[in-house]
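Participant: Provided below for reference: sequence and predicted model.
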Amino acid sequence: MTETESMVYRVVPKCACSTIGQIMYYSDHGAFFDGDIHDAQDGIIKWAQEENQKKIERNVKTHKSFAFTCVRNPYTRILSSFFDKICGIQRNGKRYRGNLVPLLIQKYGIEVGSPEDNFDFDQIKSFRRFLLFTRDTIKFRRPMDPDIHWSAMSGHVSTFIHNGGTYDHIFWTENFNVGMKKVLDNVKTPQKVNLKTIPRFNESAGHGPERAHPVEDYFDDLSMHLMWEIYRKDFELFKYDFDNPGNKLPIGDIDLHEVHKKLGS
């Protein structure tokens, strides 16, 4: 939430959350946060700050401010999670979540490469094995609980509704400027935001290897079956094309009434 309570944003990981956070910060202060917005301890109000939880709760339950979130194509989102979190070296110079990558290498036979070998490994084979691991964490909670970066978007979106929130707008990462403009058109902010000049804050860029193949090459018939098993609600509610992994664009309009009805129950 912005400090001025002009808007409330339900963060969904891997869906332009760094850029949205920086826009919110800028709309209050006229400058971007110097660093990763996820590290900001002041200048923006977060649920992780215990002293601010009551303030957010009051705002959300009374629907005081314009509330929104942003979603992304499930195929490109899970690929991004793989290359950033599994293959990549994090900002602290270490692998994500310590022993996670060794666990994946041991139990699922995944290869991730390293900066020393220029991340030379079979991306498609390793990604498909990672997808099997993802399914195991989400469906069976083993060998660990699902991580926020690959748990379903509908799960993230639903907690806001379950806790008394109502969305005014849900938009797509793939049509970012149009969606974010609708948010800014509906709120009053101390600082004017010009979306055309806002940079993209991709905090995961440069962490790991570049994707070497088109999106559709990573998903064979079995992979698509797993994607449907894990992310069916994401495809259906946010109107993405399940049948064609190569089409990252939505194929319909998000129905807010449907989202609240199906995720609120």
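Facilitator: Arrived safely, thanks for sending. Numbers count the residues shown, from 1 in each chain.
Participant: for the rest of this, base every contact and every neighbour count on C-alpha atoms.
Facilitator: Noted.
Participant: do a quick rundown of the helices in the stretch 1-150 of the chain.
Facilitator: In the stretch 1-150 of the chain, the helices defined using DSSP state H, counting those that start in this stretch lie at 17-29, 53-62, 74-81, 100-108, 123-140.
Participant: deepest of these, which one?
Facilitator: Highest mean neighbour count among the helices of the stretch 1-150 of the chain (mean count of other Cα atoms under 10 Å): helix 17-29, with a mean of 22.
Participant: off-centre distance for that one?
Facilitator: Offset of helix 17-29 from its chain centre (Cα atoms, centre = their mean, to the nearest Å): 16 Å.
Participant: name the surrounding residues that touch it.
Facilitator: 1-4, 7, 11, 31-33, 36-38, 43-44, 70, 189-193, 198-203 (Cα atoms under 8 Å, 6 or more residues apart in numbering).
Participant: ok, of those residues, which come out buried?
Facilitator: Buried members of the contacts of helix 17-29, counted by 16 or more other Cα atoms under 10 Å: 1-3, 7, 11, 32-33, 36-37, 43-44, 70, 189, 193, 201, 203.
Participant: which strands or helices does the helix or strand E236 falls within pack on?
Facilitator: E236 is part of helix 221-237, with elements assigned from DSSP states H and E. Here helix 221-237 touches helix 74-81, helix 123-140, helix 153-162, going by 3 or more Cα pairs under 8 Å, 6 or more residues apart in numbering; DSSP states H and E.
Participant: make CSV from the helices of the stretch 1-150 of the chain and add mean pLDDT to it.
Facilitator: Shown next, in CSV, are the helices of the stretch 1-150 of the chain (pLDDT from 0 to 100):
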stretch, mean pLDDT
helix 17-29, 97
helix 53-62, 97
helix 74-81, 96
helix 100-108, 94
helix 123-140, 96
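Participant: R232 is nearest to which of the ones you listed?
Facilitator: Closest to R232 of these, according to Cα to Cα: helix 74-81, at 9.4 Å.
Participant: can you list contacts of the closest one?
Facilitator: Outside helix 74-81, the residues within contact range by Cα under 8 Å, 6+ apart are 14-15, 127, 149-150, 215, 227, 231, 234-235, 240, 245, 248.
Participant: now G43: how far from M1?
Facilitator: G43 sits 10 Å away from M1, going by Cα to Cα, to the nearest Å.
Participant: no more questions from me, cheers.
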